[in-house]
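Engineer: Fold the following, please.
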Amino acid sequence: MKTTKKLLAPMLALSILSATPAIAANVEKPFHDPGLIQIAKVDQRYVTIAQKAVEQYGNGKSFQLEEALKDEYFVDDSTKKVRWIIQSKTRDAIVTVDADSNKVLTVSVNFELAEMTGKYAKYLPTAEAAVRQLYGNAEVKFEMASFFRDETLGTSDFHFSTNDRQFVRVDAVKNEAKAVFLQYKLADVDPQAVSTAEQAVGLLSKADDHPFTDAEFQRDDEREVWELKRLVTGNDKALGIDEDGKQLVASATIGAKTGKVYRVEFLKALGDKTKQSLTKEQATAIVQAAVQQFYGTDLAGYTLTVDNDWGDYKFSSEGKDTIVANFTSGGQLYRLSLNTEFGKQN
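Structural biologist: Okay, here's the model as predicted:
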């Protein structure tokens with residue numbers, strides 16, 4: 001079931017224009033995939049099933065399904081099945097149908113807020129109330145709503161999103177806000193979280209102590225965290241470019257309840273192209289100094305494994321959170337993460 005959820009979850013990203021990186025990542029295939037075919041070439045059994053699903057959840061809105069893609073998905077760790085992804089060209093309606101059983105797997109439909117009427121009218125106030133409760137100074141104006149039904153898991157959700165990628169997810173069965181992603185003014189962030197983030201980044205960045213520029217609050221079933229970022233406008237080849245054309249120099253993820261550092265990185269260090277290989281003993285000594293300051297943790301009793309493909313140095317111990325470290329080619333620690341049981345971070 002966990003595998004099915006993991007692989008079907010990307011279909012949610014297909015219907016949401018703005019989401020957290022964890023939600024938006026790993027979209028299965030580009031939408032101009034050469035495998036896309038016109039709806040007329042698809043067995044009309046699947047088309048009829050998809051159209052009925054859209055009508056069921058479309059709240060009276062008309063959607064035109066026009067193209068499709070044949071695809072494989074996992075039903076468990078080892079079993080693959082075939083499905084059809086049937087969608088409108090604008091991707092405001094997407095349905096996945098199992099090719100063998102003819103059963104609908106997922107349904108995704110998008111709405112303008114003015115179309116959230118009738119039985120759907122109650123969900124927008126729930127999303128707006130969640131924002132007000134969390135952040136009275138929030139500058140949030142929802143622009144669209146996306147409905148997602150997972151027939152395998154039996155879940156139905158609405159995502160209300162803004163043009164600047166903020167959103168609230170509402171459980172459509174319980175009419176409760178289940179996930180929130182909000183941008184905060186730095187002055188409104190918990191000052192202790194900011195201080196902890198600054199100290200964490202400072203440990204990796206040495207003398208580079210420029211302030212954070214952006215702050216986000218993220219809450220869902222597994223996480224309740226602050227994410228502080230330092231974004232700059234530039235053309236540093238060592239850094240990637242985000243959706244707004246900015247480059248991420250440093251970031252830290254801090255537990256909103258515990259104040260724990262779950263992830264910290266100083267990406268500017270990647271500009272150092274010197275070459276210096278580390279022995280396991282050297283890497284352990286560097287990480288030990290960092291985790292001692294972050295968590296008061298002694299790595300004695302931890303086992304170190306190195307993933308050479310990803311560059312991950314994983315320190316694990318039975319019954320304890322796994323610590324993952326990353327080094328530059330010159331041997332500088334630039335990222336440290338805490339992998340908790342079941343991904344819980346708060």
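Engineer: ranges for the strands of the stretch 51-200 of the chain?
Structural biologist: 67-74, 80-87, 93-98, 104-112, 144-150, 155-161, 167-171, 176-184 (DSSP state E, counting those that start in this stretch).
Engineer: most packed of those strands?
Structural biologist: Comparing these by mean neighbour count (mean count of other Cβ atoms under 10 Å), strand 93-98 ranks first with a mean of 26. C-beta coordinates here come from the backbone N, C-alpha and C atoms, glycine included.
Engineer: now the strands of the stretch 51-200 of the chain in TSV, with mean pLDDT?
Structural biologist: Listed next are the strands of the stretch 51-200 of the chain as TSV, based on pLDDT from 0 to 100:
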stretch	mean pLDDT
strand 67-74	93
strand 80-87	96
strand 93-98	97
strand 104-112	97
strand 144-150	97
strand 155-161	97
strand 167-171	97
strand 176-184	95
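Engineer: and of the ones you listed, who's closest to Pro191?
Structural biologist: strand 176-184 (12.1 Å; Cβ to Cβ).
Engineer: So which elements touch that closest one?
Structural biologist: Counting contacts by 3 or more Cβ pairs under 8 Å, 6 or more residues apart in numbering; DSSP states H and E, strand 176-184 packs against helix 123-134, strand 167-171, strand 214-219.
Engineer: could you redo the last one with a cut-off of 10 Å?
Structural biologist: helix 21-24, helix 123-134, strand 155-161, strand 167-171, strand 214-219, strand 224-232 (3 or more Cβ pairs under 10 Å, 6 or more residues apart in numbering; DSSP states H and E).
Engineer: roughly how far apart are Gln56 and Lys89?
Structural biologist: The spacing between Gln56 and Lys89, counted by Cβ to Cβ, to the nearest Å, is 21 Å.
Engineer: For the strands of the stretch 51-200 of the chain, give me CSV that also has distance to Ile254.
Structural biologist: Formatted as CSV, the strands of the stretch 51-200 of the chain follow (distance: least, Cβ to Cβ, whole Å):
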stretch, distance to Ile254
strand 67-74, 34
strand 80-87, 38
strand 93-98, 35
strand 104-112, 33
strand 144-150, 29
strand 155-161, 24
strand 167-171, 21
strand 176-184, 12
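Engineer: Now do the contacts for Asp236.
Structural biologist: Listed by Cβ atoms under 10 Å, 6 or more residues apart in numbering, the contact set of Asp236 reads 247, 249, 267-268, 270-271.
Engineer: would you list every one of the helices in the chain?
Structural biologist: Remark: helices assigned in the chain by DSSP state H are 2-15, 21-24, 44-57, 123-134, 191-205, 280-295.
Engineer: Which one of the ones you listed lies nearest to Leu336?
Structural biologist: Using Cβ to Cβ, the nearest of those to Leu336 is helix 280-295, at 5.8 Å.
Engineer: Endpoint to endpoint, stretch 161-171 covers what distance?
Structural biologist: 15 Å (Cα to Cα, to the nearest Å).
Engineer: again with stretch 228-242
Structural biologist: 15 Å.
Engineer: Buried residues, it. List them.
Structural biologist: Judged by neighbour count using 16 or more other Cβ atoms under 10 Å, the buried positions of stretch 228-242 are 228-231, 239.
Engineer: nearest to Ser205, of these?
Structural biologist: Arg230 (9.3 Å).
Engineer: which residues pair with that closest one across the strands?
Structural biologist: Taking DSSP bridges, one obtains Ala250 as the residues bridged to Arg230.
Engineer: What distance do you get for it to Phe327?
Structural biologist: Using Cβ to Cβ, Arg230 is found at 20 Å from Phe327.
Engineer: One more: Thr162?
Structural biologist: Distance from Thr162 to Phe327, by Cβ to Cβ: 37 Å.
Engineer: would CSV of the helices and strands packed on strand 176-184 with distance to Ala187 be doable?
Structural biologist: Converted to CSV, those look like this (distance: least, Cβ to Cβ, whole Å):
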stretch, distance to Ala187
helix 21-24, 25
helix 123-134, 16
strand 155-161, 25
strand 167-171, 23
strand 214-219, 9
strand 224-232, 13
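Engineer: Which of those comes out lowest on mean pLDDT?
Structural biologist: Ranked by mean pLDDT, these end with helix 21-24 at the bottom, a mean of 36.
Engineer: First residue to last residue on stretch 71-89, what's the distance there?
Structural biologist: OK, stretch 71-89 end separation, Cα to Cα: 17 Å.
Engineer: How far off centre is stretch 291-302?
Structural biologist: 28 Å (Cα atoms, centre = their mean, to the nearest Å).
Engineer: What average pLDDT does it get?
Structural biologist: Across stretch 291-302, pLDDT averages out at 89.
Engineer: Next, the buried residues of that stretch.
Structural biologist: Quick answer for stretch 291-302 (16+ other Cβ under 10 Å): 291, 294, 297, 299, 302.
Engineer: And this protein, split by domain according to the record?
Structural biologist: Per automatic domain parsing, the domain ranges recorded for the chain read 2-183, 186-343.
Engineer: how far out from the middle of the chain is the first one?
Structural biologist: Here the centre of mass of C-alpha atoms in domain 2-183, compared against the chain's by Cα atoms, centre = their mean, lies 15 Å away.
Engineer: got it, and the last one?
Structural biologist: Averaging C-alpha coordinates over domain 186-343 and over its chain gives two centres that are 17 Å apart (Cα atoms, centre = their mean).
Engineer: Got the confidence number for Gly255?
Structural biologist: For Gly255, the pLDDT comes out at 94.
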